[in-house]
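>>> Need coordinates for the below:
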Amino acid sequence: MSALTDPRLCILCRGARHLCGKAYCPILAKFTARQRVAEASTNLFGSSPPAVFVGRVGYPYVYAGPLAPNEVGDTSIYDLPESWAERPVDDVLSFRLGLFLGRRLVDVRNVSDRFVQELQAVVLPLKPVDVEIRFAKKPTGFSFSEYEPPIGPRAPLESFRIASLPSAPRVVERLYSDEDASASEAVIELYQAGIPVSHIQKLLSVGALGRKRSRRLVPTRWAITAVDDTISKYLIEEKIRWFQPLGEVQVFVRSIHKNLFIAILLPGEWGFEWMEAWFPRSTWNPFGESVVIEGDYELYRPRREYASIGGCYYAARLATAEYLTRIQRKAIAVVLREIYPGFDIPIGVWFVREQLRAMYSQQPYRVSSLEEALKVVDRFSALGSKTWLEKSRIIRMLLTMRRLDEFIEGG
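Next comes the predicted model:
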């Protein structure tokens, strides 16, 4: 609990009303973390959601292993971001801190290693897998990341055994056995077959996809962005670019967990811009005195260089591309995010992807022009459209082009 929090607020709130201004209850989060460590022992029998983790430090020699709670049954909610959009942050922390990680050093190039093949077997099914884990010592600690969801206590792995293994979907089994299909081809086919994006990320991470000689374990955070990038790029190049332009200006708005998301969709060829505004006392601006805004963009085609803003760019692009594919239109999309004081804990890029998916399932504001869209922004944005206009390359470009057209027509 922050030293700045009035203890009287905690007594009134009791973790339910977030009176301290945070998007989660610090007391419950600390209690949950301590409880998980207290529950830990050197032996665990539980149902993996299924879930695995592949680290990146020391690449190509990294730590990897299974994740499982001290619970048997349907634990899929522990590692299914697609079902977390409406959940309180406290719930997500509880799920994730309840996953114990047993890890072992592996060579990412050696996918024929027995332990690696066991990790592959864990994530082939969509249903939870009963596992028995023996740790070399009692698991401790927890970790938070900008990319992957939080992870609970961890310890070196002494032994690992799969106790029961549900059957995998046929498309997963087939692509796992297909050593001629490229990883990107496999990712697209799995997506088209309805396999959740979060599950495709696991399959790529454990080296279960791709041509035989190219298969590698992929660090979890890299796999997350790679799948978001691959699928959204496919949707843009193979579908969206062939659609007719959007026939109106649409503005989507979603406010949740001390975050505001706004998307402005305008008629035109494909264009995409993602910008984040981090307020003081938010996750990546904890000690700042002013709002920090960063972003990146692409025009006409998906960008080739890695976005400076990181993995959230690709998560946001995927959600946006899915919406345009669904309505069979192409558009220029400017997507904004304001992160307010109180959202001060990293929980992964899934948050952006799933919140935008939820936002795009709502009805948009329909307006006649970009100027009208900016008025909608002013109704919800704490920063205001003027600040966003100053930072947005695409909005400035569109306004400049319009003024140039008016000048030419007027001449």
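>>> Now do the contacts for the nearest residue to Ser214 once chain neighbours are set aside.
Distance criterion Cβ to Cβ, 6 or more residues apart in numbering; nearest residue to Ser214, sequence neighbours excluded, is Ala183 at 7.0 Å. The way it works is simple: take the backbone N, C-alpha and C, and place the C-beta from them, glycine included. Contact analysis of Ala183 by Cβ atoms under 8 Å, 6 or more residues apart in numbering lists 204, 209-211, 214-215.
>>> ok, now Pro219?
Counted by Cβ under 8 Å, 6+ apart, Pro219 has contacts 54-56, 59, 62, 205.
>>> Those in helices, which ones?
If you go by DSSP state H, the contacts of Pro219 have Ser205 in helices.
>>> Of the contacts of Pro219, just the buried ones, PyMOL syntax please.
Applying 16 or more other Cβ atoms under 10 Å to the contacts of Pro219 leaves a buried subset, and the PyMOL line that selects it is:
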select buried, resi 54+55+62+205
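>>> JSON lines for the contacts of Pro219, including distance to Ile264?
What follows is those, written out as JSON lines (distance: Cβ to Cβ, whole Å):
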{"residue": "Val54", "distance to Ile264": "37"}
{"residue": "Gly55", "distance to Ile264": "38"}
{"residue": "Arg56", "distance to Ile264": "35"}
{"residue": "Tyr59", "distance to Ile264": "39"}
{"residue": "Val62", "distance to Ile264": "40"}
{"residue": "Ser205", "distance to Ile264": "34"}
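>>> Out of the contacts of Pro219, the closest to His199 would be?
Nearest to His199, judged by Cβ to Cβ, of the contacts of Pro219 is Ser205 at 10.5 Å.
>>> number of nearby residues for the closest residue to that closest one other than its chain neighbours?
Leaving aside its sequence neighbours, Ser205 sits nearest to Ala223 (Cβ to Cβ, 6+ apart; 3.9 Å). For Ala223, the neighbour count with other Cβ atoms under 10 Å is 25.
>>> next one: Arg34
Applying other Cβ under 10 Å, we find 12 other residues in the vicinity of Arg34.
>>> Give me the distance between the residue nearest to the spatial centre of the chain and Ala186.
Most central in the chain under Cα atoms, centre = their mean is Trp350, positioned 1.9 Å from the mean C-alpha point. Note on Trp350: its distance to Ala186, by Cβ to Cβ, to the nearest Å, is 21 Å.
>>> What of Arg254?
Following Cβ to Cβ, the distance that separates Arg254 from Ala186 is 32 Å.
>>> Mind checking which of those two has more residues around it?
Counted by other Cβ under 10 Å, Arg254 and Ala186 do not tie: Ala186 has more neighbours, with 24 against 20.
>>> Please tell me I have it right and that one contacts Leu209.
Yes: using Cβ atoms under 8 Å, Ala186 makes contact with Leu209 at a distance of 4.1 Å.
>>> which residues do these two both contact?
If you check Ala186 and Leu209 against Cβ under 8 Å, 6+ apart, the residues they both contact are 175, 203.
>>> give the contact list for the closest residue to Gly98 other than its chain neighbours.
Spatial nearest neighbour of Gly98, excluding adjacent residues (Cβ to Cβ, 6+ apart): Pro69 at 4.6 Å. Applying Cβ under 8 Å, 6+ apart to Pro69 gives the contacts 46-47, 75, 78, 98-100.
>>> Helices along the stretch 251-400 of the chain, start to end?
311-327, 350-360, 370-380, 385-391, 393-410 (DSSP state H, counting those that start in this stretch).
>>> Turn those helices into a markdown table, columns for distance to Val334.
Listed next are the helices of the stretch 251-400 of the chain as a markdown table, based on distance: least, Cβ to Cβ, whole Å:
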| stretch | distance to Val334 |
| --- | --- |
| helix 311-327 | 10 |
| helix 350-360 | 13 |
| helix 370-380 | 9 |
| helix 385-391 | 8 |
| helix 393-410 | 5 |
